[in-house]
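Student: Next one to model:
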Amino acid sequence: MFNSKKPSAAPAVHTLLGKDTLWKGEIHCGPTSLRIEGRVDGSITGTGEVTIAPTGFVEGSITAKHLIVTGKVKGTVKVTECLEIHNNGLVEGEAEVGSLVVDEGGRLQGVCTHRDKGAARPEAAKGAIKEPAAEKPANGEAKAGAK
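Tutor: Model (predicted):
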């Protein structure tokens, strides 16, 4: 009669940098989640989720699996999965993303590049270079046959 499944809870925040906190330097957070409500002057490196709250400001670089911005980020952003910029959120600088979601009121100012998972592997890049060379003779043969 009733669904016995419990609603999923919001992901837990493992590390919180409070509203009135200034961090200068590097933050390494691994696969755990990080929420920034204060200011970071430096770099954030993690393989989990990083959230920049409405009061948060990061000037530097961020590397994460998933980045949610409702505050401000100025610098270089590398996100393996999804970059979300929500209402009043601002990302200014270079962004390399797996996917991008920008809500109404969110802003991205700078250069955004889609991360192609296949291009990161040297084997895929070599294959892509060889492919056009293999196609040229086929095109040449078709032209020769047409004459």
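Student: Spatially central residue for the chain, please.
Tutor: Against the mean C-alpha coordinate of the chain, by CA atoms, centre = their mean, the closest residue is V79 at 2.1 Å.
Student: strands paired with whichever strand or helix holds K74, and their directions?
Tutor: Element membership for K74 (DSSP states H and E) is strand 72-85. Strand pairing for strand 72-85, determined by DSSP bridges: strand 57-69 (parallel), strand 90-102 (parallel).
Student: Can you list the buried residues in the last one?
Tutor: By neighbour count, with 16 or more other CB atoms under 10 Å as the criterion, the buried positions of strand 90-102 are L90, V91, G93, A95, E96, V97, G98, V102. Heads up, the C-betas are built off the backbone N, CA and C, glycines and all.
Student: and the third one, what pLDDT?
Tutor: On pLDDT, G93 comes in at 96.
Student: For it, give its distance to R107.
Tutor: Distance, G93 to R107, using CB to CB, to the nearest Å: 12 Å.
Student: cool, G18 as well?
Tutor: On the measure of CB to CB, G18 and R107 end up 25 Å apart.
Student: circling back: okay, the strands paired with strand 72-85 in a markdown table with distance to C112 next?
Tutor: Formatted as a markdown table, the strands paired with strand 72-85 follow (distance: least, CB to CB, whole Å):
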| stretch | distance to C112 |
| --- | --- |
| strand 57-69 | 13 |
| strand 90-102 | 5 |
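Student: Report how many residues lie close to the closest residue to V101 other than its chain neighbours.
Tutor: Leaving aside its chain neighbours, V101 sits nearest to E84 (4.6 Å; criterion: CB to CB, 6 or more residues apart in numbering). Neighbour count for E84, taken as other CB atoms under 10 Å: 19.
Student: got a list of what E84 touches?
Tutor: Contacts for E84 were tallied using CB atoms under 8 Å, 6 or more residues apart in numbering; they are H66, L67, I68, V69, V101, V102, D103.
Student: one more time with 10 Å, if that's ok
Tutor: 51, 66-70, 97, 99-103, 106 (CB atoms under 10 Å, 6 or more residues apart in numbering).
Student: how much space between it and I68?
Tutor: For E84, the distance to I68 - CB to CB - is 5 Å.
Student: Need the residues touching each of those two.
Tutor: T51, V101.
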